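In: Following is a predicted model, sequence given first.
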Amino acid sequence: MKKIISVHNFDKDTKYAKLTLNPKIYTLQSIYAAGYVFLDKAYILLDQDKNNKNIEVYLFSKNNQDFKNLGLEFFNEILNYSHYFSRVESNAGIIKTIMQRVLFSVNPKFAEEAEEQEMQELLKELEKEEPVRSKNRYGFTHKKRKK
Amino acid sequence: MALPIKKEKNSFRLSLSDNLYSTTSIQKSLQDFHGLAKKSRFKNKGYTGIKFNTPDLNSILEFSNYLLSLQRS
């Protein structure tokens, strides 16, 4: 198994932890979110490896914390946010329905306005679909023949 | 790849991947860290180079944290 947490020396006084993340498993969104939570515990730098395959996270501790623990906590936080974002995505439809019901119950006018807007959009779509009609000398409309 | 921070005589160079840090965040950070950091030419395609006129590593790390906070928002 490849090393995903490693500790290195920047100089004689400064160490840092390097974490290697597969972007297919951990999305960039989750990494940003986890990094944001860690801003008070560590200094964080992001980079990509040579082939732009993996994302590398560099952690410089602020509180002289053990680097391996810091790295493991960071992974936990990424997993937490990955789970959160995946739930939000799967529940998006239900949340939208609930919010609409809540809004419409508070003010029924919202429901009428939403219906009216939907009708307008449907009418516009129908107008687009209708073929172009031209009038003949007797005043009758007919479809233009394609040449 | 190696750490994207390179120590020079009395300064540091930071290389930021364009895939991971947006141009707007970098520009905003440079505005707010004006005087300390400026954009520099960088050979590698897909990277933005930043030069820091200070030998203090913590300033560079504060910059990177600030940049990350902008990415999140």
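Out: Thanks, I have the structure now. Note that the structure is a prediction, hence the values are computed from the model and not measured.

In: For the residue lying closest to B:Asp18 once chain neighbours are set aside, give me phi and psi.
Out: Excluding the flanking residues, the one nearest B:Asp18 by Cβ to Cβ, 6 or more residues apart in numbering or on different chains is B:Gly46, at 5.1 Å. Every residue, glycine included, has its C-beta placed from N, CA and C. In terms of degrees, to the nearest 10, the main-chain angles of B:Gly46 are phi 90, psi 10.

In: Could you tell me the per-residue confidence at B:Gly46?
Out: Per-residue confidence at B:Gly46 stands at 86 (pLDDT).

In: for chain B, what are the low-confidence residue spans?
Out: The model of chain B has pLDDT under 70 over residues B:1, B:43, B:73.

In: Looking at it, which residue is nearest chain A?
Out: At 3.5 Å from chain A, B:Leu61 is the closest residue in chain B, using Cβ to the nearest Cβ.

In: and that residue, helix, strand or coil?
Out: With DSSP: H, G, I helix; E, B strand; the rest coil as the basis, B:Leu61 sits in helix.

In: try B:Pro55
Out: Under three-state DSSP, the three-state class of B:Pro55 is coil.

In: number of nearby residues for A:Phe38?
Out: 21 (other Cβ atoms under 10 Å in any protein chain shown).

In: And A:Leu46, by the same measure?
Out: By other Cβ under 10 Å, neighbour count at A:Leu46 equals 24.

In: for B:Pro4, same thing?
Out: When neighbours are counted by other Cβ under 10 Å, B:Pro4 registers 20.

In: I'd guessed it sits against B:Phe12; true?
Out: No. The pair B:Pro4 / B:Phe12 is not scored as a contact, 10.4 Å apart, by Cβ atoms under 8 Å.

In: Setting the sequence-adjacent residues aside, check what's closest to the residue of chain B closest to chain A.
Out: Take B:Leu61 and drop its neighbours on the chain: the residue closest to it by Cβ to Cβ, 6+ apart is A:Tyr43, 3.5 Å away.
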